[in-house]
Structure formats: C-alpha cells, structure tokens
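In: 3D, please:
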Amino acid sequence: QLQASGGGLVQPGGSLNLSCTSSGFTLDSYAVGWFRQAPGQEREWASCTSSKVGGTVYSASAKGQFTGSRDNAINTVYLQLTNLKPEDTAVYYCAAGHPTLPLLRYEYDYWGQGTLVTVSS
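Out: Have a look, this model is predicted:
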C-alpha cells in the first residue's frame, strides 16, 4: 500500500532523494513519516511531513541534513538526504497516518517495504 523508493549506493557527502507513494488510497489526507533502521539497531524516527500544507518536523539527527516535502498532485512524499555519512546507512521506511506524536511507530497506519541507503566510498 505504500512504496518507498530512491535508495541506493552513494559516496560520503552525496545526496539521495527518497520517494513514497501509495496505492489503494491517496496520501493527501495523511501525514507521512520517515523512519530508518540501521543493521542491528532499532528503527528510529527521522521526520514527519504533515498532510495538505506539508510542513515537516525532524528528529535532532535529521534536522539540517534531511528535507521533507510532498507533491499531492502526484501522490508523492519526498525525503531529501544530503551530506550523507556512513552512519546514515540504513533501510528507510515511509509510513502514513494521523500521528499525535510523529516519532512513535504505532501512530502510523500504513508502512512501506523500505528502501536501502548505503553510504560508502
């Protein structure tokens, strides 16, 4: 129901633009969060882009490095990753819902399958 894409292999300092789209429903009435899970670690929240207007809130680690946006006309929410470091290597997941507390995984109703971001020289 949600599809995350745009991951890949990138060198340190590089950038990637992740996309999240949906099937079976439209995203415009949902907030979309991004989480990431590094190998052997817990899934952690990175950002949440609100529905409609599309303002974004970020975790402390994501702020200044990631930028969330959305284009409701094409049913897509984006997360731009910049100045990537090896420690940003993770599977990135998008999730849709109406979270009161965006950092909590159980606040989201739908999850994508994840897209792998590997930062390595």
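
In: What pLDDT is listed against the most centrally placed residue in the chain?
Out: Geometric centre of the chain, nearest residue: Trp34, 2.8 Å, by Cα atoms, centre = their mean. pLDDT recorded at Trp34 is 98.

In: Doesn't it lie inside a strand?
Out: Yes - under DSSP: H, G, I helix; E, B strand; the rest coil, Trp34 falls within a strand.

In: contacts for the helix or strand encompassing Asp109?
Out: Element membership for Asp109 (DSSP states H and E) is strand 108-111. Strand 108-111 is contacted from outside by 1-2, 22, 25, 30, 33, 93-99, using Cβ atoms under 8 Å, 6 or more residues apart in numbering. To be clear about C-beta, it is placed using only N, CA and C from the backbone, and glycine gets the same treatment.

In: Give me the buried entries from those.
Out: Among the contacts of strand 108-111, those buried by neighbour count (16 or more other Cβ atoms under 10 Å) are 2, 22, 30, 33, 93-97, 99.

In: among those, which two are most distant?
Out: Using Cβ to Cβ, the pair of the buried ones among the contacts of strand 108-111 lying farthest apart is Ser22 and Pro99, separated by 16.3 Å.

In: Make TSV out of the buried ones among the contacts of strand 108-111 and add secondary structure and distance to Thr67.
Out: Output for those, formatted as TSV (DSSP: H, G, I helix; E, B strand; the rest coil; distance: Cβ to Cβ, whole Å):
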residue	secondary structure	distance to Thr67
Leu2	strand	20
Ser22	strand	21
Tyr30	coil	19
Gly33	strand	14
Tyr93	strand	17
Cys94	strand	15
Ala95	strand	18
Ala96	strand	19
Gly97	strand	21
Pro99	coil	19
